[in-house]
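Q: below are the sequence and a predicted model; questions follow.
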Amino acid sequence: MKSNYVAKQLSTVKRWMATALFCMLAIAFVWQGAFFSNTSALADPAATLVASSDAGDRAQYKASRDAGQTKNFIDDTADKVKDAAKSNASKVDQATDNGSFIERKAKKDAATIQKRANEDASRTKEAVDNTKNVVERTVDNIKDAFGK
């Protein structure tokens, strides 16, 4: 019995040692790769400054494009939430008697969910616009700083 316990503990220790050794080797290989990287880009910072204007324009374009895609996703999500609320209210309506408390509650809840979906979507779109504007201002400030 004691032999089995010791063997189990020894197996666990071996596993931990193997994992630690593997992690240390992975870190060593990653670290070594950093020393052999190509450093020629650091030799001439002017070359990167020339490209920064173009990169800034691309970043602004990407921010605008991504904001548009995000807004479409937000609209789609809001529509799906509203459709689900309508569908659930309709199912409750079909399953209950006309004018019952549960039916009224389901319709009221569906209206509340639809209203909140619209409010959440508009708040989220506003946050996307604010983020896009911050990115564009930051890129403009960086372009101005390198332009002088």
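A: Perfect, thanks for sending it.

Q: please make it C-alpha for all contacts and neighbour counts, starting now.
A: Noted.

Q: residue ranges with poor pLDDT in this structure?
A: Applying pLDDT under 70 to the chain flags residues 1-3, 33-57, 59-61, 63, 147-148.

Q: show me what the strand or helix carrying Thr124 is packed against.
A: Assigned by DSSP states H and E, Thr124 belongs to helix 101-147. Contacts defined by 3 or more C-alpha pairs under 8 Å, 6 or more residues apart in numbering; DSSP states H and E place helix 101-147 against helix 45-95.

Q: for Ile74, give me its contacts.
A: Listed by C-alpha atoms under 8 Å, 6 or more residues apart in numbering, the contact partners of Ile74 are 121, 124-125.

Q: equivalent analysis for Met24, please.
A: Met24 touches nothing, counting by C-alpha under 8 Å, 6+ apart.

Q: in the helix or strand where it lies, what counts as buried?
A: Using DSSP H and E, Met24 falls within helix 2-35. Across helix 2-35, burial judged by 16 or more other C-alpha atoms under 10 Å covers no residue at all.

Q: stretch 70-85 too?
A: Across stretch 70-85, burial judged by 16+ other C-alpha under 10 Å covers 70-71, 74-75, 78-79, 81-82, 85.

Q: ok, of these, which one's closest to Asp97?
A: For those, the closest approach to Asp97 (C-alpha to C-alpha) belongs to Ala85, at 19.2 Å.
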